[in-house]
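Enquirer: Predicted model, plus sequence, below.
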Amino acid sequence: MHQVKVLFVCMGNICRSPTAEGVFRHKVMQASLQDLIYIDSAGTHAYHVGAAPDLRAQKAAQKRDIDLSKQRARRVSSDDILEFDYVIAMDNDNKDDLLSICPQGFEDRIHLFLEFSACDELEVPDPYYGQGRGFEIVLDMVQEAAEGLLDHIQASSLSLLTQKSADIPG
């Protein structure tokens with residue numbers, strides 16, 4: 001069965017993109033669509049490859065019953081853009097980095113995450129160097145965008161996938 005594949009991307013893959021992966025996975029599971037949607041995250045830089053998400057991101061997510069602890073950072077590659085249907089950048093710098101490695105003809109797979117929200121901002125801020133509520137603010141933004149992305153996927157892709165799955169003899 002073909003799945004819709006979604007990849008979230010930030011710079012180091014320890015704050016924003018693993019948070020987005022965890023939140024989106026949680027929403028997909030609540031909608032019982034985990035068999036139809038594959039979710040991952042990566043970073044545009046290799047600073048933290050193999051590392052777990054930032055403890056502050058994990059703690060903020062855990063307060064909302066979202067577990068990020070099993071994720072590990074990895075670096076995005078041009079092959080990811082070929083493999084994933086949606087490559088979701090957290091900010092314009094990440095989007096530019098993705099476009100610089102994007103195989104020709106696949107640029108339409110790359111989006112800013114907040115394009116899927118009603119938020120006035122277009123970029124999810126990086127909470128890594130900040131103090132205070134940065135991780136909670138990111139979670140609020142990510143949760144809203146995750147709902148919008150899931151609605152978009154359900155409207156544009158899942159009806160076709162569900163129909164194809166129903167047509168396959170079991």
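Expert: Everything's here; your move. Residues are numbered from 1 along each chain as shown.
Enquirer: so where's the longest helix in this protein?
Expert: Secondary structure of the chain per DSSP state H: the longest helix is helix 134-153.
Enquirer: Which elements pack onto that helix?
Expert: Helix 134-153 makes packing contacts with strand 4-10, helix 16-30, helix 55-62, strand 86-89 when contacts are defined by 3 or more CB pairs under 8 Å, 6 or more residues apart in numbering; DSSP states H and E. Quick note: C-beta positions are derived from backbone N, CA and C, even for glycine.
Enquirer: Can you get me the centre-to-centre distance for the longest one and its chain?
Expert: The one in question is helix 16-30. Relative to the centre of its chain, helix 16-30 is centred 7 Å away, using CA atoms, centre = their mean, to the nearest Å.
Enquirer: Ramachandran coordinates for residue 112?
Expert: phi -80, psi 140 (degrees, to the nearest 10).
Enquirer: Quick check: it touching residue 122?
Expert: Yes. Residue 112 lies in contact with residue 122 (CB atoms under 8 Å); the separation is 5.5 Å.
Enquirer: So for those two, which sits in the more crowded spot?
Expert: A count of neighbours by other CB atoms under 10 Å puts residue 112 above the other of residue 112 and residue 122, at 19 against 13.
Enquirer: check contacts around the more buried one.
Expert: Applying CB atoms under 8 Å, 6 or more residues apart in numbering, we find residue 112 in contact with 88, 89, 90, 91, 92, 95, 122, 123.
Enquirer: From these, pick the one nearest residue 8.
Expert: Nearest to residue 8 among those is residue 88, at 4.9 Å by CB to CB.
Enquirer: For residue 144, see how far away the closest one is.
Expert: 14 Å (CB to CB, to the nearest Å).
Enquirer: Mind checking which of the two has more residues around it?
Expert: residue 88 (30 against 17).
Enquirer: which secondary structure element contains residue 99?
Expert: Using DSSP states H and E, residue 99 sits within helix 92-101.
Enquirer: Just give me how far that helix sits from the chain centre.
Expert: That offset, for helix 92-101, works out to 15 Å (CA atoms, centre = their mean).
Enquirer: can I get the CA coordinates of it in PDB?
Expert: Extracted in PDB, the C-alpha atoms of helix 92-101 (Å, rounded to 0.1, in the frame of the first residue of the first chain):
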ATOM      1  CA  ASN A  92      12.900  30.200   5.000                       C
ATOM      2  CA  ASP A  93      16.600  29.300   5.600                       C
ATOM      3  CA  ASN A  94      15.700  25.600   5.800                       C
ATOM      4  CA  LYS A  95      13.500  25.900   2.700                       C
ATOM      5  CA  ASP A  96      16.300  27.600   0.800                       C
ATOM      6  CA  ASP A  97      18.700  24.800   1.900                       C
ATOM      7  CA  LEU A  98      16.200  22.200   0.700                       C
ATOM      8  CA  LEU A  99      15.700  23.900  -2.600                       C
ATOM      9  CA  SER A 100      19.500  24.000  -3.100                       C
ATOM     10  CA  ILE A 101      19.600  20.100  -3.000                       C
END
